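> okay, sequence plus prediction incoming.
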Amino acid sequence: MSDKKYDFGLVGLGVMGRNFILNVSDNNFTAFGHDTDQEKVDALIEEGGNAQKVNASTDLKTFVDALSVPRKIMLLVPAGKIVDIVIESLIPHLDKGDIIIDGGNSFYTDTDRRDAYLEEKGIHFFGAGVSGGAKGARKGPSIMPGGDAEAYKVVQPIFEAVSAKYKGEPCVAYMGRKSAGNYVKMVHNGIEYGLMQLTSEIYDLLKKAGGLTNEELHKTYAEWNEGRLQSFLVEITADIFTEKDDKGEGDLVDKILDKAKQKGTGKWTSQNAMDLGIPVPSIDIAVSMREISALKDERIIADELYGKPTPEAIDKAELIKLAEEALYFAYIVTYAQGLHQLTDASKEYDYGCDIAVIAKIWRAGCIIRAALLADITDAYNDNPELKNLLLAPAFVEKVTSTVDSARNLVAYAAKSGIPVPGLSNSLTYFDAYTSSRLPLNLIQAQRDYFGSHTYERLDMEGIFHTEWEAE
Ligand SMILES: NC(=O)C1=CN([C@@H]2O[C@H](COP(=O)(O)OP(=O)(O)OC[C@H]3O[C@@H](n4cnc5c(N)ncnc54)[C@H](OP(=O)(O)O)[C@@H]3O)[C@@H](O)[C@H]2O)C=CC1
Ligand SMILES: O=C(CO)[C@H](O)[C@H](O)COP(=O)(O)O
């Protein structure tokens, strides 16, 4: 190894880390990796092809000594305890002023804790969510750094070089103070859960009610991806229907067990939205559906017990039209909920997020990238104080022109016994959010009736209580 020090260090050479470090090297920054697994280290050195540009070691001291100061060390290891273990093992080798960046899907309060801990030791630390999966990490992810702004500035040229570009603009920007980077990535994933659930429900309807073959499903999603639904998730969905089973006959998608796993970010988004008092039912139900999916054995028994109505006959072309409109509507409503959560969280946690900037860096590179995000960015640029995307004038026509299809499809699916909980939750959220009068007056009356919880009135100021019990 030459004496020349490397620009960037990366711990964790798995799916994300291996690709990210190669991306750094492609962008003319020298990089050194570390992983406990010798095979991953060897594989990186081989793939990198030039040890002067990208090198790696299983030995932590060799890794740290190879880096130029201040050291810029990104962690892409599994979230949770491992991040703490890696930080502890790094500390004895680091100097004051060195920078650790957590690029994983860490829980945001862990980031605040680690930041405070490392600050005491004179080491900079910040969280930077990364999205785009393996391909994104390799070719250009969306990166969401937050926290220590001075430390971010040191890493900024590298992140800007490796990030995805939207019309030449890097899909990375400072998200806000403290754990804003990991928080924004968490909500990104919550939205991702919602969009994935919706996309799969529509597939279910097209297949069960419309009888579309995988070839037709491919064509349908591919066509949608040419229009206003253009997005990474619609694009990969179209691709998935073309994949043949390499272990048997037929298409791979039909052989995959219908149980979806989860690592936590969707659930955390939902849990935190509850804590903040912000409704995100399209995300909540997506988490619940992964839980219901896990109950496969019980679902099989219940299916036999209860059966399902035969789907009513529906014209295929009409169904596809309804599905496109309903999906577009529900995508908008799902982004609206996630961004509403970010707006409130930014105030509650003093992040200082700019929602337009968040939407802007999601336009390319990340899993939830979509043509819609350009319109969303414009809406928040037009009104940075926008409380909810549904209140943006530019979105009124997009929603009013598609909501009826969502209504028709939810009604059709209900009669046919095909579950569309993401779509119906999105519609119900929309109907509730756009109702000037909800029946919650009755809930207040009930609370006051049984628990003297008091209520407010429409026609006069003050707090009231009634002795409700009939004589
Ligand atoms: N996969 C994805 O699409 C995305 C993942 N993320 C997040 O990025 C992070 C990394 O994910 P991903 O790359 O998928 O995970 P992987 O499990 O593929 O990679 C993690 C790597 O870290 C290594 N590792 C574990 N412990 C240590 C340690 N103490 N010291 C050094 N290396 C260690 C692992 O080695 P070993 O396997 O031997 O334990 C493995 O090579 C996670 O927080 C994840 O949630 C974010 C965006 C997308
Ligand atoms: O962060 C990601 C994408 O943005 C990761 O792929 C994450 O693992 C997805 O979440 P889950 O595994 O819970 O589906």
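Here it is on my side, so go on. Ligands and ions are numbered 1, 2, ... in the order given.

> quick one: which helix or strand includes the residue nearest to residue 265 when sequence neighbours are not counted?
Once flanking residues are discounted, residue 265 sits nearest to residue 189: 3.6 Å by CB to CB, 6 or more residues apart in numbering. Where you see a C-beta, it was placed from the backbone N, CA and C, and this is true even at glycine. For residue 189, the host element (DSSP states H and E) is helix 180-208.

> which of the residues in that helix are buried?
180-203, 205-207 (16 or more other CB atoms under 10 Å).

> up against ligand 1, what does the stretch 201-350 of the chain have?
residue 263 (CB under 6 Å from any ligand atom).

> what ranges does the stretch 201-350 of the chain have for its helices?
With helices called from DSSP state H, counting those that start in this stretch, the stretch 201-350 of the chain shows them at 214-224, 232-240, 265-276, 281-294, 296-306, 316-348.

> which one of those helices lies nearest to ligand 2?
Nearest to ligand 2 among the helices of the stretch 201-350 of the chain is helix 265-276; the distance by CB to the nearest ligand atom comes to 5.4 Å.

> ok, now which ones touch the spatially closest residue to residue 387 that is not a sequence neighbour?
In space, residue 387 comes closest to residue 343 once its chain neighbours are excluded; the distance is 6.7 Å by CB to CB, 6+ apart. By CB atoms under 8 Å, 6 or more residues apart in numbering, the residues touching residue 343 are 353, 355, 386, 387, 388.

> mind listing what the second one touches?
When you say that, I think you mean residue 355. Residue 355 neighbours (CB under 8 Å, 6+ apart): 339, 342, 343, 346, 380, 384, 386.

> can you do 10 Å?
184, 339-340, 342-343, 346, 376-377, 379-381, 383-386, 389 (CB atoms under 10 Å, 6 or more residues apart in numbering).

> ok, the third one next?
Taking CB under 10 Å, 6+ apart as the contact definition, residue 386 lies against 336, 339, 340, 343, 355, 356, 376, 379, 380, 392, 395.

> just the fourth one next, same as before
Contact partners of residue 387, counting by CB under 10 Å, 6+ apart, are 339, 340, 343, 344.

> that older thread, roughly how far does the residue nearest to residue 387 sit from ligand 1?
23 Å (CB to the nearest ligand atom, to the nearest Å).

> and residue 181, by the same measure?
The spacing between residue 181 and ligand 1, counted by CB to the nearest ligand atom, is 12 Å.

> circling back: could you dump the contacts of residue 386 to JSON lines with pLDDT and distance to ligand 2?
Below are these laid out as JSON lines (pLDDT from 0 to 100; distance: CB to the nearest ligand atom, whole Å):
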{"residue": "336", "pLDDT": "99", "distance to ligand 2": "19"}
{"residue": "339", "pLDDT": "98", "distance to ligand 2": "17"}
{"residue": "340", "pLDDT": "98", "distance to ligand 2": "20"}
{"residue": "343", "pLDDT": "98", "distance to ligand 2": "21"}
{"residue": "355", "pLDDT": "98", "distance to ligand 2": "19"}
{"residue": "356", "pLDDT": "98", "distance to ligand 2": "21"}
{"residue": "376", "pLDDT": "98", "distance to ligand 2": "18"}
{"residue": "379", "pLDDT": "98", "distance to ligand 2": "23"}
{"residue": "380", "pLDDT": "98", "distance to ligand 2": "21"}
{"residue": "392", "pLDDT": "98", "distance to ligand 2": "25"}
{"residue": "395", "pLDDT": "98", "distance to ligand 2": "25"}
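
> tabulate these (JSON lines), appending distance to residue 169.
Listed next are the contacts of residue 386 as JSON lines, based on distance: CB to CB, whole Å:
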{"residue": "336", "distance to residue 169": "24"}
{"residue": "339", "distance to residue 169": "20"}
{"residue": "340", "distance to residue 169": "25"}
{"residue": "343", "distance to residue 169": "23"}
{"residue": "355", "distance to residue 169": "17"}
{"residue": "356", "distance to residue 169": "13"}
{"residue": "376", "distance to residue 169": "15"}
{"residue": "379", "distance to residue 169": "18"}
{"residue": "380", "distance to residue 169": "16"}
{"residue": "392", "distance to residue 169": "22"}
{"residue": "395", "distance to residue 169": "23"}
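
> from the residues you listed, which is closest to ligand 1?
Nearest member of the contacts of residue 386 to ligand 1, counting by CB to the nearest ligand atom, is residue 339, at 19.9 Å.

> what about the closest one, how many residues close to it?
23 (other CB atoms under 10 Å).

> so how far is ligand 1 from the most centrally placed residue in the chain?
Geometric centre of the chain, nearest residue: residue 189, 1.7 Å, by CA atoms, centre = their mean. Separation of residue 189 from ligand 1 (CB to the nearest ligand atom) stands at 8 Å.

> per-residue confidence at that residue?
Per-residue confidence (pLDDT) for residue 189: 98.

> same check, this time on the one 3 residues further on
The predicted local distance difference test score for residue 192 is 98.

> now swap in the one 5 residues further on and tell me
On the pLDDT scale, residue 197 is placed at 98.

> ok, it - contacts?
With CB under 10 Å, 6+ apart, residue 197 has these contacts: 260, 266, 282-283, 285-290, 330, 334, 420-423, 425-426.

> dump the residue contacts of the residue nearest to the centre of the chain.
Applying CB under 10 Å, 6+ apart, the residues near residue 189 are 105, 129, 131, 262-269, 283, 338, 366-368.

> tell me how far the nearest residue to residue 390 once chain neighbours are set aside lies from residue 7.
Distance criterion CB to CB, 6+ apart; nearest residue to residue 390, sequence neighbours excluded, is residue 336 at 5.2 Å. Separation of residue 336 from residue 7 (CB to CB, to the nearest Å) stands at 40 Å.

> so between the two, which is more surrounded?
Legend: neighbour count by other CB under 10 Å for residue 336 and residue 7, higher for residue 336 (27 against 20).

> distance of the more buried one relative to residue 239?
Taking CB to CB, one finds residue 336 at 28 Å from residue 239.

> now do residue 102
From residue 102 to residue 239 the distance is 31 Å (CB to CB).

> more neighbours: which of those two?
Legend: neighbour count by other CB under 10 Å for residue 102 and residue 239, higher for residue 102 (30 against 12).

> how about the stretch 251-400 of the chain: which residue is closest to ligand 1?
Nearest to ligand 1 in the stretch 251-400 of the chain, going by CB to the nearest ligand atom, is residue 263, at a distance of 5.8 Å.

> state the pLDDT value of that residue.
97.

> just the one 3 residues further on next, same as before
Turning to residue 266, the model gives it a pLDDT of 98.
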